[in-house]
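Trainee: What would the 3D arrangement of this be:
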Amino acid sequence: MKKKDLTSQQIVEAAIGLFASHGIEKTSLAMIAGEVGITKPSIYYHFASKDELVERVFDYMFSDYHFDHYFSLTEMNEHNFAEKLYQGGLRMFPEEEEAFVPVMRLLNEFMLTANRSANYGQRVAAMQQSFLDGFRELMRLGADFGIIERQNADSKAYVLALVIDNITSYIMMDIRLDYQAIWREAVNSTLRKGADILESRDGIQ
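Mentor: This next block holds a predicted model:
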């Protein structure tokens, strides 16, 4: 990696930490420069403005935050549907909760900027809508397999999306929960009677 690219990455990573701790509006370029160990004018060699840096942070943090990154409908069949659904949800939860908190705080920051920037408000809303649409498509696929009751399939999809959203919110607040067990129960609640129910333990064997 070239020195310029390396410093750009350092600036982005420093901005992520400071934005998460202090908020986007209250974080100055001088604070970011100090964190990296460069002068404030040096930032302009990499980014034309703070707005451009904020844009880069958004892209860096959320480029993979979409439904298809966690759930692959093309890999699902009537035999592995429940397992794929369960494991896909687990991939949305952090392996290390401490590393996850800045991500969620930043997402909230961009949601808060919706009043000031229609761009980020629309993009965050689009990301959230993609999960609602994805879970709805997933539940309809399960109905085609005969695993999900077709009646209220859309409502079941939205329940799953809301469970994911609330679990991540509690993680951000550092409230310790057995989120694997909670997600397992949420998945089980969508499966029709007689379908293969996930066993009441962490993971699937």
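
Trainee: next one: phi and psi at the residue sitting nearest the centre point of the chain?
Mentor: Centroid-nearest residue in the chain, with Cα atoms, centre = their mean: residue 65, separated by 5.0 Å. Main-chain torsions, residue 65, degrees, to the nearest 10: phi -90, psi 80.

Trainee: okay but it is in contact with residue 127, surely?
Mentor: Yes. Contact criterion Cβ atoms under 8 Å: residue 65 and residue 127 qualify, at 5.7 Å. In short, each C-beta sits where N, CA and C put it, glycine included.

Trainee: what's the following helix or strand after the lowest-mean-pLDDT helix or strand in the chain?
Mentor: Least confident helix or strand, the chain: helix 97-112 with a mean of 67, by mean pLDDT, DSSP states H and E. Toward the C-terminal end, the helix or strand that comes next after helix 97-112 (DSSP states H and E) is helix 118-145.

Trainee: Would you mark the buried spots in that next one?
Mentor: Buried residues in helix 118-145, counted by 16 or more other Cβ atoms under 10 Å: 120-121, 123-124, 131-132, 134-136, 138-139, 141-143.

Trainee: What is that helix packed up against?
Mentor: Packed against helix 118-145 by the contact rule (3 or more Cβ pairs under 8 Å, 6 or more residues apart in numbering; DSSP states H and E) you find helix 50-62, helix 67-70, helix 81-91, helix 97-112, helix 153-172.

Trainee: returning to what we had before: what's the closest of the buried residues of helix 118-145 to residue 94?
Mentor: Distance to residue 94 across the buried residues of helix 118-145 (Cβ to Cβ) is lowest for residue 131, with 16.7 Å.

Trainee: Would you enumerate the residues in contact with that closest one?
Mentor: When contacts are counted by Cβ atoms under 8 Å, 6 or more residues apart in numbering, residue 131 touches 66-67, 161, 164.

Trainee: Of these, keep whichever come out buried.
Mentor: 67, 161, 164.

Trainee: My read is that residue 27 contacts residue 17, right?
Mentor: No. Counting by Cβ under 8 Å, residue 17 is not a contact partner of residue 27; they are 9.4 Å apart.

Trainee: Count the residues that sit near residue 181.
Mentor: 12 (other Cβ atoms under 10 Å).

Trainee: can you tell me which helix or strand it belongs to?
Mentor: Element membership of residue 181, judged by DSSP H and E, is helix 179-190.

Trainee: quick one: pLDDT of residue 17?
Mentor: Looking at residue 17, its pLDDT is 88.

Trainee: Which secondary structure elements does the helix or strand hosting it sit against?
Mentor: According to DSSP H and E, residue 17 maps onto helix 3-22. The contact analysis (3+ Cβ pairs under 8 Å, 6+ apart) places helix 3-22 against helix 29-36, helix 50-62, helix 97-112.

Trainee: Mind doing that once more with 10 Å?
Mentor: Applying 3 or more Cβ pairs under 10 Å, 6 or more residues apart in numbering; DSSP states H and E, we find helix 3-22 packed against helix 29-36, helix 40-43, helix 50-62, helix 97-112.

Trainee: and of those helices, who's closest to residue 21?
Mentor: Residue 21 lies closest to helix 97-112 among these, at 8.0 Å (Cβ to Cβ).
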